[in-house]
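Q: Got a sequence here, can you model it:
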Amino acid sequence: MRKAVSKLSLLLLSLLLVGCITTTISPYDDKKDLAKAEQTYVQIGYGYFEQGNMQEAKRALTKALDINSKSAGAHMGLARVYDRELEYDLAEHHFKKALRYEETTEGHFQFGVYLYNRGDLKGAYREFKDVLKDTIYVRRARAFEYQGVVANRLEKTDEAIGYFKRAVTLNPMLANSHIGLTNIYFAQQDYAAAYKQYNEFVGLVRGQLSRHSAATLWLGIQLADMAGDSNAVSSLILQLRNQFADSAEYQNYLKWKAEKDAS
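A: Modelled structure (predicted):
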């Protein structure tokens, strides 16, 4: 009887083992599950980043890297987190890894912005040039604007004009591009072109799509004066006095006015 029970036990064990083997998940399913988990952690990390919770963002993104050390999304997320935390060496390390594992237009854009903010104009110029190769990139107009700013600071004036013009052609509501062109034309003493471009900016202000700064008001006062537009001069002076009386631009205006009155 014992032998029969023993044989039955062995038979049941064999059936259980066979059952385990036949229900094992395939390696392809494993990979899909891991890829999904990686992506989920990346999304959670970005969510925490947007909420300003850098610690939890790092924790989630690091978990994504535990699953896949070559996760471009996780590296890009950590780059932005470390940039926010002023850990610049770590930020640059992760930016470069993200682009090494998956070269994307958005990656070049984010790295370009980072390099510009760090004062690396040549590096930013290189990254934005890569961005602009993608003719269907959703933020291409903004990339042209940023490249215009960078080119202007690198004293590539003609290029800057071209980039700013492309920016406002794609998106006429880019106020910084209009002001960028205004400043370049003003420096070149092409005051008619400068004032025309400045009025494009003023149109955005009137439509509440942009706002004046002390610098734009002072620039406008000078251009409107040269154009003989007395109504615009009066309006801009009033705004500068009321909104930015403590600014260096207002002091420049007072000196300019005193010189004009004395002449």
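Q: Helices of the stretch 101-250 of the chain, start to end?
A: 105-117, 121-131, 140-153, 157-170, 175-187, 191-206, 214-226, 230-243, 248-262 (DSSP state H, counting those that start in this stretch).
Q: average model confidence for the longest one?
A: So the one you mean is helix 191-206. The average pLDDT for helix 191-206 rounds to 97.
Q: Equivalent analysis for the fourth one, please.
A: The average pLDDT for helix 157-170 rounds to 98.
Q: Show me what that helix is packed against.
A: helix 140-153, helix 175-187 (3 or more C-beta pairs under 8 Å, 6 or more residues apart in numbering; DSSP states H and E). Every C-beta, even on glycine, is put in place using the N, C-alpha and C of the backbone.
Q: run the last query once more with 10 Å
A: helix 140-153, helix 175-187, helix 191-206 (3 or more C-beta pairs under 10 Å, 6 or more residues apart in numbering; DSSP states H and E).
Q: buried residues in the longest one?
A: Meaning helix 191-206. Across helix 191-206, burial judged by 16 or more other C-beta atoms under 10 Å covers 191, 194-195, 197-202, 204.
Q: Going by distance to Arg59, which of those residues wins?
A: Leu204 (41.9 Å; C-beta to C-beta).
Q: pretty sure that closest one contacts Asn171?
A: No - taking contacts as C-beta atoms under 10 Å, Leu204 lies outside contact range of Asn171: 11.1 Å.
Q: Among the helices of the stretch 101-250 of the chain, which comes closest to His94?
A: Taking those one by one with C-beta to C-beta, helix 105-117 is closest: 10.1 Å.
Q: what does the average pLDDT come to for that closest one?
A: 96.
Q: Summarise which helices and strands that helix is packed against.
A: helix 72-84, helix 88-101, helix 121-131, helix 140-153.
Q: Format the ones you listed as JSON lines; extra columns: mean neighbour count and mean pLDDT.
A: Converted to JSON lines, these look like this (neighbours: other C-beta atoms under 10 Å; pLDDT from 0 to 100):
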{"stretch": "helix 72-84", "mean neighbour count": "23", "mean pLDDT": "96"}
{"stretch": "helix 88-101", "mean neighbour count": "18", "mean pLDDT": "97"}
{"stretch": "helix 121-131", "mean neighbour count": "19", "mean pLDDT": "97"}
{"stretch": "helix 140-153", "mean neighbour count": "23", "mean pLDDT": "98"}
